[in-house]
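Asks: Below: sequence and its predicted model.
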Amino acid sequence: KANDPKKAQERMKELVEQHEKLGKKINKKVMGMFEKAEQEYQEVMEKKRIVENDKRKIEMVMEELDEKKNQALKTTWTKVNRDFSSIFQTLLPNARA
């Protein structure tokens, strides 16, 4: 009976159906995994864009602060340089600058 063509054909039909079902499940799983990976990629790219924008803003603020610092130093230096004689005379009344 192991060589019974009818049983072999039925067994083959069962195996083919099982194969098709597994193939559909596997494809669905793969597609689900792919979609999830693609979504995660898009989220990471959006976060990267946000970080890059924040970096640019921080760099702009740093440049602005550097400019203000340099301007404050120049202003202070100019005042000290201009008023050095009077400051020097105030600190050391009998000396000359």
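Replies: Good, I have the coordinates. No experiment lies behind these values; they were computed from the predicted model shown.

Asks: residue ranges with poor pLDDT in this protein?
Replies: Counting by pLDDT under 70, the chain shows low-confidence ranges at 1-2, 95-97.

Asks: Does anything pack onto the helix or strand containing residue 57? Which helices or strands?
Replies: Assigned by DSSP states H and E, residue 57 falls within helix 5-91. Judged by 3 or more CB pairs under 8 Å, 6 or more residues apart in numbering; DSSP states H and E, helix 5-91 has no packing partners among the helices and strands. The C-beta positions use only the backbone N, C-alpha and C, and glycine is treated the same way.

Asks: and the most centrally placed residue in the chain, what does it touch?
Replies: Against the mean C-alpha coordinate of the chain, by CA atoms, centre = their mean, the closest residue is residue 48 at 2.8 Å. Not one residue lies near residue 48 by CB atoms under 8 Å, 6 or more residues apart in numbering.

Asks: mind checking how far residue 56 is from residue 23?
Replies: For residue 56, the distance to residue 23 equals 49 Å [CB to CB, to the nearest Å].

Asks: from the chain's centre, how far out does stretch 53-72 sit?
Replies: 21 Å (CA atoms, centre = their mean, to the nearest Å).

Asks: mind checking the SS state of residue 93?
Replies: Following DSSP: H, G, I helix; E, B strand; the rest coil, the label given to residue 93 is coil.
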